[in-house]
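Q: What follows is a predicted structure for the sequence shown.
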Amino acid sequence: MEPDRTLEYEILREMSPAKKLDVMHALIRQARELMAAAIRASEPELSSDEVDARIREIWALD
């Protein structure tokens, strides 16, 4: 059974395009931070630059 998304859709409809873009950017930043944390947890020896490179590699595959 699918959850009722009526309220979510209403909130999105009421948002300005600029606000939707801000939300999208925040979600992308959060996804990147979560991905970086997962990479660091599995490979703690990597430098920040190496973690960034790994993220770019993963996102390039999509």
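A: Perfect, thanks for sending it.
Q: Follow the chain on from the lengthiest helix in the chain and name the next helix or strand.
A: Longest helix in the chain by number of residues (criterion: DSSP state H): helix 17-42. Sequence order places helix 48-61 as the next helix or strand after helix 17-42, per DSSP states H and E.
Q: circling back to that earlier point, show me what the longest helix of the chain is packed up against.
A: If contacts are counted by 3 or more Cβ pairs under 8 Å, 6 or more residues apart in numbering; DSSP states H and E, helix 17-42 sits against helix 48-61. Where you see a C-beta, it was placed from the backbone N, CA and C, and this is true even at glycine.
Q: Now do the SS call for residue 3.
A: Of the three states, residue 3 takes coil under DSSP: H, G, I helix; E, B strand; the rest coil.
Q: Give me the average confidence score over the longest helix of the chain.
A: What helix 17-42 shows for mean pLDDT is 97.
Q: Once you drop chain neighbours, what's closest to residue 15?
A: residue 23 (7.3 Å; Cβ to Cβ, 6 or more residues apart in numbering).
Q: wait, isn't the one you found in contact with residue 11?
A: No. Residue 23 lies out of contact with residue 11 (Cβ atoms under 8 Å); the separation is 9.9 Å.
Q: Please report the distance of the residue nearest to residue 15 from residue 16.
A: For residue 23, the distance to residue 16 (Cβ to Cβ, to the nearest Å) stands at 11 Å.
Q: When those two are compared, which one has more neighbours?
A: Between residue 23 and residue 16, counting by other Cβ atoms under 10 Å, residue 23 is the more crowded of the two (13 against 8).
Q: distance of the more buried one from residue 42?
A: Separation of residue 23 from residue 42 (Cβ to Cβ): 29 Å.
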